[in-house]
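K.L.:
Structure here, sequence nowhere to be found:
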């Protein structure tokens, strides 16, 4: 079906949305092969952002997250809706319904596991029947993890004619800041988990995003302590994104009929260093994460943490984004022995500079690379929905590298 736009960026006036728009404008321009538009609640704000970002000639589309008719109007015009409007549990549900009803593909950068679980339960059948691809987690959570595993397992099959049965991901280095929007989403997830026991169970179940009836397996909960990793001879501690990334990787495996095996094991952790200093750094990381994760709404701890974090609309500045980076190591094992090592790097801060490029390329891949992507529909993950086509775009355009080391 021919649409006026290939991609509409919903939430283009927000912190991440404007970065997505800026990236697409610089990389693809306006009026070229890619037909795109900026969307938000207020045309004056869209005009202001476009001027601020130096974007001229782009179309503006106005809608409201809770006005279904306005959402239908924008979804009917686009092949893909690319949304940055969160917390998604507050502002995203009606948009997904509208995309499915209008036969429009969708991608976002949510890390809200409880909301993804609800969307999967509510809309998997309808999205599949409508021939629509709904793809969550198209930012730092969880493209580097999901596509990193996809890349390593592809190489394992090529070299050894079988996948690795266990993979450890270790964050070797990372530099980047937190935005107010991300902190607001994280806070809302914790609030919902404290209010609803079923949400807490989803968050703590390693297979919490797997299809119904397939939500168990050999993997345990994500690392919650500081330990010595013998494979790299260094201390490791909890990685704040592991609870999202590992579930996405396991869902990818399940949706693809278990190409990694039903007994596949996967975990993620942050490398804190060697010796006593590495161990102490790990305990410092553990304390920081505890402050972010356990503060109850309205409590003194939560109020103190809130004061130290950016507000919605705030985030790392241009210099901080451009000076950011990440370096992830994947250790692929077969029968307990490390057989293959892969590295994934990004050339900007993970949460915003790199995320905005990954999300934009995901949307463009869905819109323009349909002949290159797997013929699957429903509630999908990045690797399942886009496979090699996305891997190629990420390396060519988005500043990511995937390599065997």
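P.N.:
Happy to help now that I have it. In this text, all values refer to a predicted model and were calculated from it rather than measured experimentally. Numbering: from 1, shown residues only.
K.L.:
Residue 282 reaches residue 234, doesn't it?
P.N.:
No. In this structure residue 282 lies outside contact range of residue 234 using Cβ atoms under 8 Å: 9.6 Å. Glycine gets a C-beta too; all of them are placed from N, C-alpha and C.
K.L.:
Just want to know which of the two has more residues nearby.
P.N.:
Ranked by neighbour count (other Cβ atoms under 10 Å), residue 282 and residue 234 place residue 282 first, with 24 against 18.
K.L.:
What is the distance between the helix or strand containing that one and the centre of its chain?
P.N.:
Assigned by DSSP states H and E, residue 282 falls within helix 275-294. Distance of helix 275-294 from the chain centroid (Cα atoms, centre = their mean, to the nearest Å) equals 24 Å.
K.L.:
Report the mean per-residue pLDDT for the next helix or strand after that helix.
P.N.:
Downstream of helix 275-294, the first helix or strand assigned by DSSP H and E is helix 300-308. Averaging pLDDT along helix 300-308 yields 73.
K.L.:
what are the phi and psi angles of residue 139?
P.N.:
When read as degrees, to the nearest 10, the backbone of residue 139 gives phi -120, psi -150.
K.L.:
ok, residue 193 to residue 29 distance?
P.N.:
Going from residue 193 to residue 29 by Cβ to Cβ, to the nearest Å gives 43 Å.
K.L.:
more neighbours, these two?
P.N.:
Per other Cβ under 10 Å, whichever of residue 193 and residue 29 has more neighbours is residue 193, with 19 against 14.
K.L.:
Does the more buried one lie in a helix or a strand, and which?
P.N.:
Assigned by DSSP H and E, residue 193 belongs to helix 180-195.
K.L.:
same question, residue 106
P.N.:
Using DSSP H and E, residue 106 maps to strand 105-108.
K.L.:
List of residues touching that strand?
P.N.:
Strand 105-108 has contacts (Cβ atoms under 8 Å, 6 or more residues apart in numbering) with 79-84, 88, 92, 95-96, 99, 132-138, 359, 362-363, 366-367.
K.L.:
among these, which ones are buried?
P.N.:
79-84, 88, 92, 95-96, 99, 132-138, 359, 362-363, 366-367 (16 or more other Cβ atoms under 10 Å).
K.L.:
just to revisit the earlier point, which other helices and strands contact the helix holding residue 282?
P.N.:
Other elements packing on helix 275-294 under the criterion 3 or more Cβ pairs under 8 Å, 6 or more residues apart in numbering; DSSP states H and E are strand 234-237, strand 265-273, helix 300-308.
K.L.:
which of the ones you listed is buried the deepest?
P.N.:
Stretch with highest mean neighbour count among those: strand 234-237 (a mean of 24; mean count of other Cβ atoms under 10 Å).
K.L.:
Skip ahead from that strand and say which helix or strand is next.
P.N.:
Note on strand 234-237: by DSSP H and E, the next helix or strand toward the C-terminus is helix 242-255.
K.L.:
For residue 392, what is the enclosing helix or strand?
P.N.:
Per DSSP H and E: residue 392 is located in helix 382-397.
K.L.:
Taking the chain centroid, which residue in this protein is the extreme one?
P.N.:
Going by Cα atoms, centre = their mean, the residue of the chain most distant from its centre is residue 276, 33.5 Å out.
K.L.:
Which residue ranges of this protein form strands?
P.N.:
Under the criterion DSSP state E, strands of the chain are mapped to 5-10, 36-40, 59-62, 78-83, 105-108, 133-135, 166-175, 227-229, 234-237, 265-273, 325-334, 337-346, 378-380, 400-404.
K.L.:
got the contact list for the last one?
P.N.:
Read that as strand 400-404. Applying Cβ under 8 Å, 6+ apart, the contact partners of strand 400-404 are 144, 147-148, 151-152, 155, 340-347, 354, 358, 391, 394-395.
K.L.:
Report the buried members of those residues.
P.N.:
Among those, those buried by neighbour count (16+ other Cβ under 10 Å) are 144, 147-148, 151-152, 155, 340, 342-346, 354, 358, 391, 394.
K.L.:
quick check, nearest of those residues to residue 198?
P.N.:
Using Cβ to Cβ, residue 144 comes nearest to residue 198 of the buried ones among the contacts of strand 400-404, at 29.4 Å.
K.L.:
Could you check how far the closest one is from residue 310?
P.N.:
Per Cβ to Cβ, residue 144 is found 23 Å from residue 310.
K.L.:
circling back: find residues that contact each of residue 282 and residue 234.
P.N.:
Joint contacts of residue 282 and residue 234 (Cβ under 8 Å, 6+ apart) are 272, 273.
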